[in-house]
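> Please work out how this folds:
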Amino acid sequence: MKTRGYYSRSEAFRDAIRSLIVESDLAKTETGEVAATIMITCDYARRDVDLRMTEVRHEFDDVVVENVHRHIDDKYCLEIFIAQGENKRILDLIGRVRGMRGIQQVKAMFMSL
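All right, here's what the predicted structure looks like:
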């Protein structure tokens with residue numbers, strides 16, 4: 001909170017919710033085939049997340065074109081998915097990742113094809 005300049009926890013939560021709503025609205029406006037980059041951060045110590053991310057990659061193999069896994073210091077893991085396919089299918093992938101325990105942050109960017 002202090003690093004980002006929020007005066008209270010409530011202000012930080014409001015900002016986070018607004019960002020999530022805007023991102024969701026943007027993603028839903030795209031229809032048909034899209035390309036997307038999905039960036040995911042999680043705690044490095046949570047080894048169970050890596051196993052579950054592997055399962056998700058296999059489940060969504062039809063839209064995941066590329067995947068990068070990178071360690072950021074000794075504290076975080078960064079996963080980047082590059083996906084291409086039907087917008088709904090990619091939104092389902094993002095929903096599955098967001099619902100996983102141990103995930104700290106998910107950011108997605110969409111592009112119409």
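> wouldn't residue 62 be in contact with residue 89 here?
Yes. Contact between residue 62 and residue 89 holds when scored by Cβ atoms under 8 Å: they sit 7.1 Å apart. For glycine as for every other residue, the C-beta is placed from the backbone atoms N, C-alpha and C.
> Counting neighbours, go ahead and name the busier of the two.
Shown here are residue 62 and residue 89; by other Cβ atoms under 10 Å, residue 89 has more neighbours (15 against 11).
> and the more buried one, what helix or strand is that in?
According to DSSP states H and E, residue 89 maps onto helix 87-98.
> I'd like to know which elements that helix is packed against.
Applying 3 or more Cβ pairs under 8 Å, 6 or more residues apart in numbering; DSSP states H and E, one finds that helix 87-98 makes contact with helix 9-29, strand 33-43, helix 47-59, strand 76-86, strand 103-112.
> what angle sits between the second one and strand 103-112?
This means strand 33-43. 170 degrees (axes from the mean of the first three to the mean of the last three Cα atoms, to 10 degrees).
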